[in-house]
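[1] quick check, what structure comes out for this input:
(one chain, ligands or ions: 1)
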Amino acid sequence: MADNDRTSLHGLWTSRWAFIMAATGSAVGLGNIWKFPYITGENGGGAFVLIYLLCIFLMGVPIMMAEVMLGRRGRRNPVDSMRHLAEETGHSQLWRFLGWMGVTAGFFILSYYSVIAGWAISYVFTTGSGTFSGADAALVEQHFDTLTQSPLTLILWHSLFMLITMIVVAHGIEGGIEKAVRFLIPALFVLLIVMVLYAMTTSGFAEGLRFMFSPDFSKISTEGVLKAMGQAFFTLSIGMGAIMVYGAYLPKETSIAQTSFIIAFADTSVAVLAGVAIFPIVFSNGLEAGSGPGLIFVTLPLAFGNMAFGTFFGTLFFILLVFAAWSSSISLIEPAVAWLIENKGVSRIKASIALGLLTWVFGLGTVFSFNEWSDVTVFDKTFFDVLDYLTSNIMLPLGGVLMAIFAGWLMKREASQDELALGRGAYLTWRFLVRFVTPVAVTLVFLNAIGVFS
Ligand code: PFF
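    Modelled structure (predicted):
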């Protein structure tokens with residue numbers, strides 16, 4: 001069997017649709033609904049959104065195509081796929097460290113992702129019990145503060161989320177998640193539209209739209225530009241091998257370009273809808289757009305508390321958010337799990353338990369960074385802030401650009417042409433973007449952020 005006809009040890013997706021669903025499940029998550037609104041709020045709105053969108057389409061999509069392609073050609077976990085592809089093309093084995101950086105980033109991200117997903121689980125219950133009906137801003141803010149000030153409660157929900165993640169990972173890729181995501185993403189979409197309809201009835205709707213869509217470049221800092229780029233990588237799940245590992249399970253005949261566009265489009269729509277739902281509520285209630293990670297946990301309960309059937313919609317919304325986080329968390333740990341299975345001969349179940357426990361312990365750092373350790377900071381950043389900054393703004397863009405360089409410069413042209421199977425114009429555009437645009441853009445954004453141009 002020729003090596004590039006090889007399939008993965010872990011099986012293949014049952015269809016193109018299954019891959020799209022799994023990858024969209026990975027992409028759509030807390031990044032869209034929790035993180036996008038709050039960092040947009042912290043970075044002044046419109047200009048940030050515009051840069052974010054540019055990054056999605058000029059860097060995100062071409063890099064996603066490169067990453068899926070490397071995975072499908074490598075057919076292994078990211079570390080061994082990179083090692084194998086480097087060998088195949090006669091380049092240094094050091095490329096395997098790109099895989100390692102991804103595995104590490106996934107582990108770091110999951111450790112805090114699970115804590116935030118835990119907040120969402122707890123909100124399923126609070127919203128469900130009607131706590132927020134008729135509530136005012138002071139009450140919902142106080143509820144959020146009480147939750148984040150209690151390490152034990154946070155640990156409980158974090159543990160529950162890690163547990164459900166590991167259960168699915170232990171079952172392998174084509175298990176329940178494929179099926180769950182199939183109705184989950186459309187349902188989340190519908191619910192976001194309900195939220196947007198509600199937002200339209202509030203007094204802050206026009207101001208909310210203006211905040212998100214009218215760019216005022218004086219409001220964005222050099223670091224804001226870096227964050228917009230980081231968010232583009234984070235939200236698409238690219239640059240760390242999650243999409244590579246999913247690509248490794250992709251049948252040979254599936255179109256990489258088309259699927260990447262579909263995924264990016266779905267992902268971006270969810271984020272934009274979330275913003276359009278949330279900012280009007282912020283302005284109608286005199287809340288602070290830049291209030292940080294608690295933003296949706298304050299604005300959404302307020303909206304649910306004051307709309308018709310709010311308890312029902314609210315509970316459903318948080319349930320869907322937990323599912324969206326769940327289908328992302330699986331992909332965060334899959335690269336590490338696949339590595340352990342392929343290299344150490346351990347079973348999927350053992351690999352899942354071991355890595356789950358390790359991630360859980362590391363997650364305690366994030367739990368405490370909201371309470372006991374909130375004063376422990378480096379460069380004014382808590383443990384959670386450091387992890388988030390390091391992964392989204394540095395590791396993912398760096399990982400993504402190295403993948404682009406590998407795919408654009410080191411892989412043989414025939415190989416990428418064969419994998420992507422695009423028309424000439426589209427292929428050349430892709431190649432130009434990965435060879436020149438992405439490396440130059442990422443470098444400029446990095447240099448800009450460290451103050452070289454100011
Ligand atoms: N894209 C996910 C989100 O937006 O919530 C987070 C994520 C998942 C990032 C998987 C990176 C990753 F590899």
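[2] for the rest of this, base every contact and every neighbour count on C-alpha atoms.
    Noted.
[3] in what helix or strand does the residue nearest the centre of the chain lie?
    Using CA atoms, centre = their mean, the residue of the chain that lies closest to the mean C-alpha position is T235, 3.6 Å off. Counting by DSSP states H and E, the element that carries T235 is helix 222-236.
[4] show the subsequent helix or strand relative to that helix.
    The first helix or strand that comes after helix 222-236 along the chain, using DSSP H and E, is helix 242-247.
[5] on that earlier part again, hmm, the residue nearest to the centre of the chain is touching T24, no?
    No - in this structure, T235 is not within contact of T24 by CA atoms under 8 Å, at 10.1 Å.
[6] spit out the contact partners of E334.
    Contact analysis of E334 by CA atoms under 8 Å, 6 or more residues apart in numbering lists V169, A242, V245.
[7] quick one on the thing from earlier: okay, and the common contacts of T235 and T24?
    Where contact means CA under 8 Å, 6+ apart, the residues bridging T235 and T24 through contact with each are D267.
[8] contacts for the helix holding T235?
    With CA under 8 Å, 6+ apart as the test, helix 222-236 has contacts from 26-29, 31-32, 36, 43, 48-49, 51-53, 55-56, 60, 64, 239, 264, 267, 392-394, 396-397, 400, 445-446, 448-449, 451.
[9] inside strands: which ones of those?
    Among the contacts of helix 222-236, no residue falls in strands (DSSP state E).
[10] filter those residues down to the ones close to the ligand.
    Intersecting the contacts of helix 222-236 with the surroundings of the ligand, defined as CA under 6 Å from any ligand atom, gives S26, A27, V28, G29, G31, N32.
[11] tally of neighbours for the last one?
    It refers to N32. Residues near N32, counting by other CA atoms under 10 Å, number 27.
[12] my guess is V270 meets N32, correct?
    Yes - taking CA under 8 Å as the definition, V270 is a contact partner of N32 at 6.4 Å.
[13] so how far is S111 from W13?
    W13 sits 27 Å away from S111 when distances are taken as CA to CA, to the nearest Å.
[14] higher neighbour count, the two?
    When neighbours are counted by other CA under 10 Å, S111 comes out ahead of the other of W13 and S111, with 29 against 20.
[15] residues contacting the nearest residue to the more buried one once chain neighbours are set aside?
    What sits nearest to S111 in space, not counting adjacent residues and going by CA to CA, 6 or more residues apart in numbering, is G363, at 4.2 Å. By CA under 8 Å, 6+ apart, the contact set of G363 is L110, S111, Y112, S114, V115, H158.
[16] quick one: pLDDT of S331?
    The predicted local confidence for S331 comes out at a pLDDT of 92.
[17] what's the neighbour count on it?
    27.
[18] ditto for S122
    For S122, the tally of surrounding residues (other CA under 10 Å) stands at 21.
[19] can you check what angle separates the host helix or strand of it from helix 222-236?
    Assigned by DSSP H and E, S122 belongs to helix 96-128. With axes from the mean of the first three to the mean of the last three CA atoms, to 10 degrees defining the directions, helix 96-128 sits at 80 degrees from helix 222-236.
[20] the helix holding T235 and the ligand in contact?
    Yes - under the criterion of CA under 6 Å from any ligand atom, the ligand is reached by helix 222-236 at F234, T235, L236.
[21] chain center to that helix: distance?
    The chain centroid and the centroid of helix 222-236 are separated by 11 Å under CA atoms, centre = their mean, to the nearest Å.
[22] go on, stretch 414-424?
    Relative to the chain's own centre, stretch 414-424 is displaced by 28 Å; criterion: CA atoms, centre = their mean.
[23] and that stretch, what's its mean pLDDT?
    Stretch 414-424 shows an average pLDDT of 95 in the prediction.
[24] now that stretch: buried residues?
    S416, E419, L420, A421, L422 (16 or more other CA atoms under 10 Å).
[25] any idea how far the ligand is from the closest residue to the last one other than its chain neighbours?
    So that's L422. Nearest residue to L422 in three dimensions, chain neighbours excluded: A257, at 7.8 Å (CA to CA, 6+ apart). Applying CA to the nearest ligand atom, to the nearest Å, one obtains 19 Å for the distance of A257 from the ligand.
[26] before we move on, which element is A257 in?
    helix 256-284.
[27] name the helices or strands packed onto the helix or strand following that helix?
    The C-terminal neighbour of helix 256-284 among helices and strands, as given by DSSP H and E, is helix 295-306. Judged by 3 or more CA pairs under 8 Å, 6 or more residues apart in numbering; DSSP states H and E, the packing partners of helix 295-306 are helix 36-42, helix 137-148, helix 256-284, helix 310-344.
[28] I'd say S291 and I39 touch.
    No - the pair formed by S291 and I39 falls short of the contact definition of CA under 8 Å, at 9.2 Å.
[29] neighbour count for those two, which is higher?
    Under the neighbour definition other CA under 10 Å, S291 and I39 were set side by side, and I39 has more, 23 against 14.
[30] gap between A271 and F36?
    A271 sits 6 Å away from F36 when distances are taken as CA to CA.
[31] same check on W430?
    27 Å.
[32] interface residues of this protein facing the ligand?
    Applying CA under 6 Å from any ligand atom, one finds that the chain approaches the ligand through 26-32, 106, 234-238, 240, 242, 328, 331-332.
[33] now do the contacts for the closest residue in space to A105 that isn't next to it in sequence.
    The spatial neighbour of A105 that comes closest, neighbours along the chain excluded (CA to CA, 6+ apart), is T391 at 5.7 Å. Listed by CA under 8 Å, 6+ apart, the contact set of T391 reads A105, F108, I109.
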